[in-house]
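Asks: Model the following, please.
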Amino acid sequence: MKKNRQTLAVLLLLAFAGLQSACAQPQPQNLTNQQFLAETKDAAKTTVLLNNDQQMVPLKNLEQIKVASIHLNYSYSAAFDSILAKYTRIQLVDGNKYSGKMASLSEDLKLYNTLVFQLTEADLNNTALMTFITTSQKLKNVVIAFYGPGRALTVLNDITAPIIWCEKVSAVTAQYVPQLIFGGVAATQKLPNSFSSKYTSGTGFKTEKTRLGYSVPEDAGINSLNLQGIDLIAQEAIRNHATPGCVVLVAKDGKVIFNKAYGNHTYDTSVLPDKVTDIFDLASVTKVSATTPAVMQLVEEGKLNLDSTMGSYLIAARHTNKNDIRLRELMLHEAGLVPYIPFYETLKPTDHSTDSSAVYPTKVADGYYLRKDYYKDVMLPRMLNTALRTRGKYVYSDLSMYFTKEIVETVTSQPLNEYAQQHFYDPLGMQTAGFLPRNRFTRDQIIPTEEDSYFRHTLLLGYVHDQGAAMVGGVSGHAGYFCSANDEAILFQMLLNKGTYGGVQYIKPETVEQFTSRQSTVSRRGLGFDGWGPIADSHYPSYNANPGTYGHTGYTGTCVWVDPKENLIYIFLSNRVYPKVTDRLSSLNIRPRIMDTIYDAIKKGL
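Replies: Numbers count the residues shown, from 1 in each chain. Next up is the predicted model:
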């Protein structure tokens with residue numbers, strides 16, 4: 001019976017939050033969402049944070065904490081954990097398996113420095129469990145989510161760890177409290193009555209909202225019915241073989257209000273359906289998700305100067321025609337560089353092998369290894385020795401970000417992927433973001449891209465689609481970044497927040513403003529970022545997009561756009577290059593039409 005209640009809780013939560021997969025039955029969401037919103041508002045008025053003297057909540061330093069979430073009698077633990085896991089990696093622990101075995105529980109939790117306990121009134125009567133919690137709070141960070149009557153707080157008098165008390169037990173409050181733990185919502189209330197000598201009337205701590213929250217469109221003043229056009233456009237894309245599947249995410253006013261998956265990993269509908277947690281190759285979105293944020297941070301630290309030249313950073317550029325190209329020109333795509341070089345077309349049989357070895361160490365794909373130093377000996381010199389076109393003219397070029405990566409790595413003495421992971425993805429709690437996903441995730445978590453019949457002669461799954469980035473070993477400044485929609489939303493919420501997230505200032509507001517606003521007199525571009533286009537018949541990236549909108553698209557069928565005026569983030573992830581490259585996603589205007597649907601829904605309101 002308890003398992004059935006947990007399953008029902010999850011289904012209700014997913015229906016409320018708009019997270020159902022494409023194969024789920026349509027939900028009558030309008031009334032349901034209004035009820036959800038009403039109960040969420042009630043939770044906000046009645047949930048109280050106690051014992052937060054040390055300001056442990058919201059949890060911080062996500063790159064340092066290892067979290068385990070422990071439940072016993074709480075009926076909605078699955079729903080609770082599903083929200084908790086959106087903020088950082090969580091180890092789920094069923095405490096019922098440790099009845100009378102607290103020593104075994106302690107052993108299994110020894111490597112976790114942060115323990116979140118989901119407690120009910122029945123759990124408070126478990127003497128062994130309460131003793132375990134009391135002992136644990138002296139050794140580790142402990143947070144208690146207590147669902148039940150206020151009178152039971154007296155049992156927690158000896159607890160010094162933070163307690164989040166929520167009287168109502170429901171699927172809605174199950175998703176509210178985890179957000180408070182991580183700062184997705186703010187703690188605002190105090191105890192209305194005295195329940196013990198410690199927990200007296202007026203007791204309670206306030207916090208601020210510092211991270212993304214998760215709610216329904218109505219919470220952002222949008223009628224869910226007006227977003228149903230997204231379903232129709234996504235299904236049109238799949239039906240016309242513009243892409244096998246896709247994931248759409250909308251965040252507004254600091255809350256994810258729509259996150260839905262459509263279709264399957266491939267056109268074979270018997271294979272895995274797309275999930276909102278799937279990891280995609282974001283292609284050129286790498287430019288604004290890895291390389292550009294690194295440059296932003298290094299510029300404001302004084303380690304990079306936008307008006308310094310390539311030659312001032314790269315010795316190899318000093319005796320070439322690239323010597324006096326400024327970093328600013330690279331970021332604006334105004335350096336006169338050729339758009340791209342098809343490096344793979346000039347490979348010789350002796351340049352690659354089907355087996356790895358000291359001679360062939362660079363893995364390009366399954367069964368394909370490139371010879372040592374091929375990039376340094378062949379690719380980089382070839383890029384440096386290409387002819388220049390007109391300087392100051394906008395020509396979108398991948399070479400700009402090859403070179404920018406070289407500059408970043410020279411200044412930081414660290415590979416770009418490691419720098420981005422340490423300075424952004426891990427601290428932000430982005431669990432899927434980064435390069436080389438096959439080193440970290442199983443195949444079924446990653447969306448396949450092309451059936452490569454001309455270069456690597458294999459299905460590309462977890463290996464970067466871009467040929468040049470693959471030949472570098474999967475880490476480049478212009479491609480190679482993989483991510484899920486939720487994690488990408490975290491990164492761009494940080495930018496929308498003018499560089500702050502989770503209480504940490506990653507980039508200064510003035511730096512965010514400089515890079516994301518239009519910086520060119522000959523194009524719509526910011527520094528690294530693509531931007532709103534003033535052409536009246538398109539209004540790129542969608543007809544209704546506002547001036548000041550910034551983001552980027554990716555060749556594999558992806559995009560991320562931020563509209564500061566509407567406090568909006570729109571993310572579209574797909575694998576439109578499967579099984580072969582097609583332009584149907586663009587010819588059908590799938591991405592901009594979905595974005596316009598979002599704007600129309602905002603305009604219509606509730």
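Asks: Find the helix or strand that the one residue sitting closest to the centre of the chain is a member of.
Replies: Centroid-nearest residue in the chain, with C-alpha atoms, centre = their mean: residue 487, separated by 1.0 Å. Using DSSP states H and E, residue 487 sits within helix 485-496.
Asks: got the CA coordinates for that helix in PDB?
Replies: Output of helix 485-496 as PDB, limited to C-alpha atoms (Å, rounded to 0.1, in the frame of the first residue of the first chain):
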ATOM      1  CA  ALA A 485      17.900  20.800 -20.100                       C
ATOM      2  CA  ASN A 486      17.600  21.400 -16.300                       C
ATOM      3  CA  ASP A 487      21.400  21.800 -15.800                       C
ATOM      4  CA  GLU A 488      21.600  24.200 -18.800                       C
ATOM      5  CA  ALA A 489      18.800  26.200 -17.200                       C
ATOM      6  CA  ILE A 490      20.900  26.400 -14.000                       C
ATOM      7  CA  LEU A 491      23.800  27.900 -15.900                       C
ATOM      8  CA  PHE A 492      21.700  30.500 -17.700                       C
ATOM      9  CA  GLN A 493      19.700  31.400 -14.600                       C
ATOM     10  CA  MET A 494      23.000  32.400 -13.100                       C
ATOM     11  CA  LEU A 495      23.600  34.700 -16.100                       C
ATOM     12  CA  LEU A 496      20.000  36.000 -15.900                       C
END
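Asks: surely residue 264 meets residue 271?
Replies: Yes - the pair residue 264 and residue 271 passes the contact test of C-beta atoms under 8 Å, sitting 5.5 Å apart. In short, each C-beta sits where N, CA and C put it, glycine included.
Asks: which one of the two has more residues nearby?
Replies: Applying other C-beta atoms under 10 Å to residue 264 and residue 271 shows that residue 264 carries more neighbours, namely 20 against 13.
Asks: Quick one: distance of the helix holding residue 487 to the chain centre.
Replies: 5 Å (C-alpha atoms, centre = their mean, to the nearest Å).
Asks: hey, where'd the strands end up in the stretch 151-300 of the chain?
Replies: Using DSSP state E, counting those that start in this stretch, the strands of the stretch 151-300 of the chain run over residues 163-166, 213-214, 245-252, 255-263, 280-281.
Asks: Starting from the fourth one, tell me which strands it pairs with and how they run.
Replies: Strand 255-263 has the following strand partners under DSSP bridges: strand 213-214 (parallel), strand 245-252 (antiparallel).
Asks: Check the first one too.
Replies: Sheet pairing for strand 163-166, assigned by DSSP bridges, gives strand 48-50 (antiparallel), strand 141-147 (parallel).
Asks: wait, which of these is closest to residue 592?
Replies: strand 141-147 (41.8 Å; C-beta to C-beta).
Asks: Just the buried residues of that closest one, please?
Replies: Neighbour counts over strand 141-147 (16 or more other C-beta atoms under 10 Å) mark 141, 142, 143, 144, 145, 146, 147 as buried.
Asks: try stretch 337-351
Replies: Quick answer for stretch 337-351 (16+ other C-beta under 10 Å): 337, 340, 341, 343, 344, 347.
Asks: List just the nearest of the residues you listed to residue 217.
Replies: Using C-beta to C-beta, residue 340 comes nearest to residue 217 of the buried residues of stretch 337-351, at 39.9 Å.
Asks: Mind pulling the model confidence for the closest one?
Replies: You'll see residue 340 listed with a pLDDT of 96.
Asks: Return the distance of it relative to residue 399.
Replies: 7 Å (C-beta to C-beta, to the nearest Å).
Asks: Name the residues of stretch 307-317 that come out as buried.
Replies: By neighbour count on 16+ other C-beta under 10 Å, the buried set for stretch 307-317 is 309, 310, 311, 312, 313, 314, 316, 317.
Asks: can I assume residue 240 is in contact with residue 588?
Replies: Yes - here residue 240 lies in contact with residue 588, judged by C-beta under 8 Å, at a distance of 6.3 Å.
Asks: what do the two both touch?
Replies: Residues touching both residue 240 and residue 588 by C-beta atoms under 8 Å, 6 or more residues apart in numbering: none at all.
Asks: Kindly provide the distance from residue 546 to residue 599.
Replies: Taking C-beta to C-beta, one finds residue 546 at 9 Å from residue 599.
Asks: Same drill for these two, tell me which one is more crowded.
Replies: Neighbour count, other C-beta under 10 Å: between residue 546 and residue 599, residue 599 has more, with 18 against 14.
Asks: secondary structure element for that one?
Replies: helix 590-604.
Asks: low pLDDT regions in the chain?
Replies: Along the chain, the parts satisfying pLDDT under 70 run over 1-31.
Asks: could you list every residue that touches residue 555?
Replies: Per C-beta under 8 Å, 6+ apart, neighbours of residue 555: 283, 284, 465, 466, 479, 577.
Asks: How much space separates the residue lying closest to the fourth one once chain neighbours are set aside from residue 174?
Replies: The shortest distance from residue 466 to any non-neighbouring residue, by C-beta to C-beta, 6 or more residues apart in numbering, is to residue 479 (3.7 Å). Shown here: residue 479 relative to residue 174, a distance of 39 Å by C-beta to C-beta.
Asks: Likewise for residue 328?
Replies: Distance, residue 328 to residue 174, using C-beta to C-beta: 49 Å.
Asks: neighbour count winner among those two?
Replies: residue 174 (31 against 16).
Asks: Hmm, that one is touching residue 71, no?
Replies: No - in this structure, residue 174 is not within contact of residue 71 by C-beta under 8 Å, at 10.6 Å.
Asks: what's the overlap in contacts for these two?
Replies: Listed as contacting both residue 174 and residue 71 by C-beta under 8 Å, 6+ apart are 77, 80.
Asks: CSV for the buried residues of strand 141-147, including distance to residue 116?
Replies: CSV is the format used below for the buried residues of strand 141-147 (distance: C-beta to C-beta, whole Å):
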residue, distance to residue 116
141, 9
142, 8
143, 5
144, 8
145, 7
146, 12
147, 13
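Asks: ok, now which ones touch the closest residue to residue 451 other than its chain neighbours?
Replies: Setting aside the residues directly before and after it, residue 451 is nearest to residue 579 in space (C-beta to C-beta, 6+ apart), at 4.2 Å. Neighbour list for residue 579: 266, 267, 450, 451 [criterion: C-beta under 8 Å, 6+ apart].
Asks: Among those, name the buried ones.
Replies: 266, 450.
Asks: Would you mind measuring from residue 171 to residue 80?
Replies: When distance is defined by C-beta to C-beta, residue 171 is 9 Å away from residue 80.
Asks: More neighbours: which of those two?
Replies: residue 80 (30 against 24).
Asks: Surely that one is in contact with residue 120?
Replies: No - the criterion here is C-beta under 8 Å, and residue 80 misses it with residue 120 at 11.7 Å.
Asks: Give the intersection of the neighbour lists for those two.
Replies: residue 74.
Asks: Give me the domain ranges for this protein.
Replies: If you go by automatic domain parsing, the domain ranges for the chain are 2-210, 216-269+532-546+559-606.
Asks: In a markdown table, list these along with distance to residue 362.
Replies: A markdown table is the format used below for the domains of the chain (distance: least, C-beta to C-beta, whole Å):
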| stretch | distance to residue 362 |
| --- | --- |
| domain 2-210 | 28 |
| domain 216-269+532-546+559-606 | 23 |
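Asks: Mean neighbour count, those domains: which tops it?
Replies: For the domains of the chain, the largest average neighbour count (mean count of other C-beta atoms under 10 Å) is found in domain 216-269+532-546+559-606, namely a mean of 20.
Asks: what's the first-to-last distance across that domain?
Replies: With C-alpha to C-alpha, to the nearest Å as the measure, domain 216-269+532-546+559-606 spans 12 Å from end to end.
Asks: How about stretch 311-326?
Replies: End-to-end span of stretch 311-326 (C-alpha to C-alpha): 9 Å.
Asks: Sounds good, over and out.
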